[in-house]
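1. Structure for this input, please:
(one chain, ligands or ions: 1)
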Amino acid sequence: MPDDRLKEMLHTLKLCRYFDERMEALYRQGRLPGAIYSGRGQEGTHVGVASALRDDDSLFPTHRDLSAQFTKGLDLKRVMAQYWGRIDGYTRGRDGNSHIGDWAGNRTFTVISHLPIAYPVACGAALAYKRAGDRRVAMAICGDGSTSNGRWHEALNWSSIHQLPVVWVVNNNQYAYSTPNPLEFHVRTIAERAVAYGMPGVRVDGGDVLEVYGAALEAVERARNGGGPSLIESVSLRWRGHAGHDPAKYMPNGLLERYMAEKDPVKNFEEYLLAEGVVTKEDIGEVQERVEREFDEGYAFAQASPFPESGDVTKGLWVEDGYWTSDAGRGGGTGAD
Ligand SMILES: Cc1ncc(C[n+]2csc(CCOP(=O)(O)OP(=O)(O)O)c2C)c(N)n1
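-> Residues are numbered from 1 along each chain as shown. Reported below is the predicted structural model:
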């Protein structure tokens with residue numbers, strides 16, 4: 001990877017970390033009205049997998065994957081407008097938290113609450129890409145807990161039968177709400193479940209963004225070249241509670257401290273780039289200043305954005321008149337969308 005891409009990756013990692021920290025602070029001060037699902041400590045997984053996608057590939061994330069969505073191109077200003085329920089948010093003020101996507105803009109599918117419903121939807125996208133023969137890839141992310149849902153298994157099975165161009169990512173942050181891995185499944189790793197579906201499965205260290213990226217790139221290229229689906233389990237720890245309201249008292253003493261010391265993906269990547277001479281300490285300071293500036297600009301943009309008009313509440317809920325008889329409705333306008 002060339003140095004400028006490594007530096008861009010550092011910027012994305014630090015932006016995601018800073019965004020997460022500041023949003024939590026605003027939430028605790030009572031200045032952020034919605035809910036927050038922290039992805040802190042898991043940025044290596046999110047940035048690593050999404051960096052392996054092309055612009056025209058698609059991403060199907062879940063509630064904790066904002067860092068992957070930023071990597072795919074979600075606009076920070078619009079994300080912040082979303083969190084404050086403003087008209088410039090991705091749902092135009094209808095949702096105050098993580099149900100964000102920008103399918104037309106950068107192929108991030110809107111987050112759906114029901115887990116892991118994005119998995120079968122990603123199957124549909126991958127099937128369309130395969131039929132169109134346009135060498136695009138779909139990638140879906142979910143948590144460890146979501147792998148216990150039947151839809152997860154159906155999606156893997158279907159993708160394998162039809163050898164679809166899809167990459168299945170499991171962000172194993174070791175907890176689903178308060179439930180730890182040993183109470184979620186009775187296999188050693190999630191990756192080994194791939195065997196049952198006849199696809200490659202790999203377990204990577206979510207504290208090492210380049211290790212995650214390498215595995216994701218291999219899986220994405222396999223899918224693009226007709227080699228079918230793959231499963232990636234990226235292991236990290238959920239550093240915060242399930243959501244802003246959860247103090248996560250159920251985690252054993254010392255676990256979080258160990259992960260923060262040894263498996264911090266942002267710190268580890270900074271140290272790696274310093275050791276390789278790709279950046280200096282001054283460069284890192286400049287990146288930090290840039291992300292703080294970007295956050296402040298996003299915050300100001302969100303506060304200046306108007307609330308939606310109540311009379312517009314039904315707008316955008318239904319397809320426009322004439323959609324089904326138009327090129328767009330027949331799929332003619334935008335291909336396998
Ligand atoms: C089908 C379904 N059941 C329950 C929920 C409620 N729920 C939301 S997040 C969550 C925990 C998910 O844990 P995991 O998949 O490990 O992801 P994490 O939150 O740890 O990232 C649950 C149970 C849901 N959204 N959908």
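
2. Neighbours of the residue in the chain positioned nearest to the ligand, how many?
-> Going by C-beta to the nearest ligand atom, the ligand is nearest to residue 143 of the chain, at 2.1 Å. For glycine as for every other residue, the C-beta is placed from the backbone atoms N, C-alpha and C. Residue 143 has 24 neighbouring residues, counting by other C-beta atoms under 10 Å.

3. repeat for residue 176
-> Residues lying near residue 176 (other C-beta under 10 Å) number 19.

4. hang on, the earlier thing: got a list of what the residue nearest to the residue of the chain closest to the ligand when sequence neighbours are not counted touches?
-> Closest residue to residue 143 apart from its sequence neighbours, by C-beta to C-beta, 6 or more residues apart in numbering: residue 171 at 5.5 Å. By C-beta atoms under 8 Å, 6 or more residues apart in numbering, the contact list for residue 171 reads 42, 45-46, 64-65, 141-144, 206, 234, 236.

5. please redo it, this time with the cut-off set to 6 Å
-> Residue 171 sits next to 42, 45, 141, 143, 234 when contact means C-beta atoms under 6 Å, 6 or more residues apart in numbering.

6. For the stretch 51-200 of the chain, which segments count as helices?
-> Counting by DSSP state H, counting those that start in this stretch, the segments of the stretch 51-200 of the chain that form helices are 66-72, 76-83, 103-106, 118-132, 150-161.

7. returning to what we had before: turn the contacts of residue 171 into a markdown table, including pLDDT.
-> Formatted as a markdown table, the contacts of residue 171 follow (pLDDT from 0 to 100):
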| residue | pLDDT |
| --- | --- |
| 42 | 98 |
| 45 | 98 |
| 141 | 98 |
| 143 | 98 |
| 234 | 98 |
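
8. Kindly indicate the member of the residues you listed with the most neighbours.
-> Using other C-beta under 10 Å as the neighbour criterion, residue 45 leads the contacts of residue 171 with 34 neighbours.

9. Mind listing what's buried along the longest helix along the chain?
-> Counting by DSSP state H, the longest helix found in the chain is helix 3-28. Buried residues in helix 3-28, defined by neighbour count with 16 or more other C-beta atoms under 10 Å: 6-7, 9-20, 22-24, 26-27.

10. Packing partners of that helix?
-> Counting contacts by 3 or more C-beta pairs under 6 Å, 6 or more residues apart in numbering; DSSP states H and E, helix 3-28 packs against helix 43-50, helix 66-72, helix 265-275, helix 281-304.

11. need these in CSV with distance to residue 182, can you?
-> Listed next are the helices and strands packed on helix 3-28 as CSV, based on distance: least, C-beta to C-beta, whole Å:
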stretch, distance to residue 182
helix 43-50, 21
helix 66-72, 27
helix 265-275, 24
helix 281-304, 37
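
12. for these, which one sits closest to residue 176?
-> Across the helices and strands packed on helix 3-28, residue 176 has its closest neighbour in helix 43-50 (15.6 Å, C-beta to C-beta).

13. Would that closest one count as contacting the ligand?
-> No. Against the ligand, helix 43-50 shows no contacts by C-beta under 6 Å from any ligand atom, the least distance being 10.2 Å.

14. how about the residues of the stretch 51-200 of the chain that lie near the ligand?
-> Residues of the stretch 51-200 of the chain lying near the ligand by C-beta under 6 Å from any ligand atom: 63-64, 113-115, 142-146, 149, 171, 173, 175-177.

15. Buried members of these into PyMOL, please.
-> Buried members of those, defined by 16+ other C-beta under 10 Å, are picked up in PyMOL with:
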select buried, resi 63+64+115+142+143+144+145+146+149+171+173+175+176
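
16. Closest one of the residues of the stretch 51-200 of the chain next to the ligand to residue 223?
-> Among those, residue 142 lies closest to residue 223 (C-beta to C-beta), at 17.4 Å.

17. Tell me what that closest one is bridged to.
-> residue 170 (DSSP bridges).

18. roughly how far apart are it and residue 9?
-> Distance, residue 142 to residue 9, using C-beta to C-beta, to the nearest Å: 23 Å.

19. what does residue 203 give?
-> Distance from residue 203 to residue 9, counting by C-beta to C-beta: 22 Å.

20. Contacts for stretch 265-276, please.
-> For stretch 265-276, the external contacting residues (C-beta under 6 Å, 6+ apart) are 13, 17, 43-44, 207, 209, 279, 284.

21. Pipe those into JSON lines and attach pLDDT per row.
-> Conversion of those to JSON lines gives the following (pLDDT from 0 to 100):
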{"residue": "13", "pLDDT": "98"}
{"residue": "17", "pLDDT": "98"}
{"residue": "43", "pLDDT": "98"}
{"residue": "44", "pLDDT": "98"}
{"residue": "207", "pLDDT": "98"}
{"residue": "209", "pLDDT": "98"}
{"residue": "279", "pLDDT": "98"}
{"residue": "284", "pLDDT": "98"}
